[in-house]
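Q: okay, sequence plus prediction incoming.
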Amino acid sequence: MKFIEAGTARIPAIGLGTYTLEGEACVDMVARAIEAGYRHIDTARMYGNEREVGEGIRKSGIARGDIFVTTKIWWTDLAEKDLKAAAADSIDRIGLGAVDLMLIHWPNPDVALEESIDALSSTVDDGLARHIGVANFTSTLLDEAAAMSDHPLVCNQVEYHPFLPQAQVLAACRRHDMGLVAYSPIGRGGEVLNHPVIRSAAERHGKSPAQIVLRWEIEQAGVGAIPRTSKPERLAENLQIFDFELYEDEQAAITALTRRNERLVDPSFAPNWDRT
């Protein structure tokens with residue numbers, strides 16, 4: 001397993017995203033993922049499955065210290081009092097003690113950024129999180145947040161894939177010794193996976209298109225990914241990307257697929273925020 005070395009954090013480069021996983025299906029998928037070799041599990045308060053994620057980790061039988069757990073605080077809870085209460089509640093729900101990484105899920109334009117970052121930093125002081133970071137922050141917000149934080153921000157989690165490589169965001173992460181963790185790393189709706197450049201590389205290496213895209217991502221310095229799946233057979237496939245390397249021409253061709261530079265794609269649940 002490759003790791004992202006970000007400040008004092010060591011984040012497994014491939015993790016399991018759990019958005020939309022619910023109930024016993026979530027518990028089972030988390031346990032199966034760990035059995036398959038995953039050591040990074042990502043959840044969030046908004047997902048409504050923190051309790052199930054914790055149960056799945058316990059069910060796996062793997063020592064807590066061997067699993068990197070990330071959760072996120074929703075944008076409506078970024079005032080100091082609200083964030084501290086939400087963080088404590090997340091720890092109770094997961095039931096594994098301090099999480100390895102606590103993130104602000106989306107910025108909130110109605111709450112002063114410094115207030116949110118100060119409250120996030122306090123989760124380390126209060127023993128709720130070992131590391132902190134953000135998600136869906138533009139490069140400008142990232143610069144501001146990094147300058148405000150009492151503890152290093154070790155991660156910015158954003159949508160990232162060949163059509164959306166987030167060049168400015170990635171550059172900001174590298175300036176601040178932060179990792180970039182990609183959600184929706186293989187894109188949406190199959191458009192990325194069906195591109196001729198991706199399919200050609202897949203045929204050349206005897207890999208699936210998803211494996212080619214994930215490999216392209218982890219070959220970028222400081223980049224990891226948390227592919228989400230509800231199909232157990234995909235778990236092992238997503239990890240089988242460490243036994244080959246893309247050729248330089250493939251790297252260049254995939255990088256050239258970019259269609260947008262710095263624009264955080266607006267999921268249906270995103271707050272009203274200027275993401276350009």
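A: Okay, I see it.
Q: and residue 157, what does it touch?
A: 42, 70, 72, 103, 133-136, 180-183, 226 (Cβ atoms under 8 Å, 6 or more residues apart in numbering). Every residue, glycine included, has its C-beta placed from N, CA and C.
Q: run through the bridge partners of it.
A: Legend: beta-bridge partners of residue 157 under DSSP bridges are residue 135, residue 181.
Q: how close does it get to residue 113?
A: According to Cβ to Cβ, to the nearest Å, residue 157 and residue 113 sit 17 Å apart.
Q: residue 208 is in contact with residue 237, correct?
A: Yes. Assessed by Cβ atoms under 8 Å, residue 237 is found in contact with residue 208 at 6.1 Å.
Q: reformat the contacts of residue 157 as CSV; add neighbour count, pLDDT and distance to residue 165.
A: Shown next, in CSV, are the contacts of residue 157 (neighbours: other Cβ atoms under 10 Å; pLDDT from 0 to 100; distance: Cβ to Cβ, whole Å):
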residue, neighbour count, pLDDT, distance to residue 165
42, 24, 98, 20
70, 27, 98, 22
72, 26, 98, 22
103, 27, 98, 21
133, 31, 98, 19
134, 28, 98, 19
135, 23, 98, 17
136, 26, 98, 16
180, 26, 98, 10
181, 32, 98, 14
182, 25, 98, 10
183, 21, 97, 14
226, 24, 98, 17
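Q: show me which of the residues you listed is closest to residue 244.
A: Lowest distance from residue 244 to the contacts of residue 157 (Cβ to Cβ) belongs to residue 182, with 19.3 Å.
Q: contact partners for residue 21?
A: So, once contact is read as Cβ under 8 Å, 6+ apart, residue 21 ends up touching 29, 30, 47, 49, 52, 228, 230.
Q: what about the residue nearest to the third one when sequence neighbours are not counted, how many residues close to it?
A: Counting by Cβ to Cβ, 6 or more residues apart in numbering, residue 47 lies nearest to residue 19, which is 5.5 Å off, once chain neighbours are set aside. Neighbourhood size, residue 19 [other Cβ atoms under 10 Å]: 17.
Q: who's in contact with residue 19?
A: 44, 47, 183, 228 are the contacts of residue 19 under Cβ under 8 Å, 6+ apart.
Q: I'd say the second one and residue 17 touch.
A: No. When contacts are counted by Cβ under 8 Å, residue 47 is not listed as touching residue 17 (9.3 Å).
Q: which stretches of the stretch 151-276 of the chain form helices?
A: For the stretch 151-276 of the chain, the helices defined by DSSP state H, counting those that start in this stretch cover 167-175, 196-205, 209-218, 232-239, 248-255.
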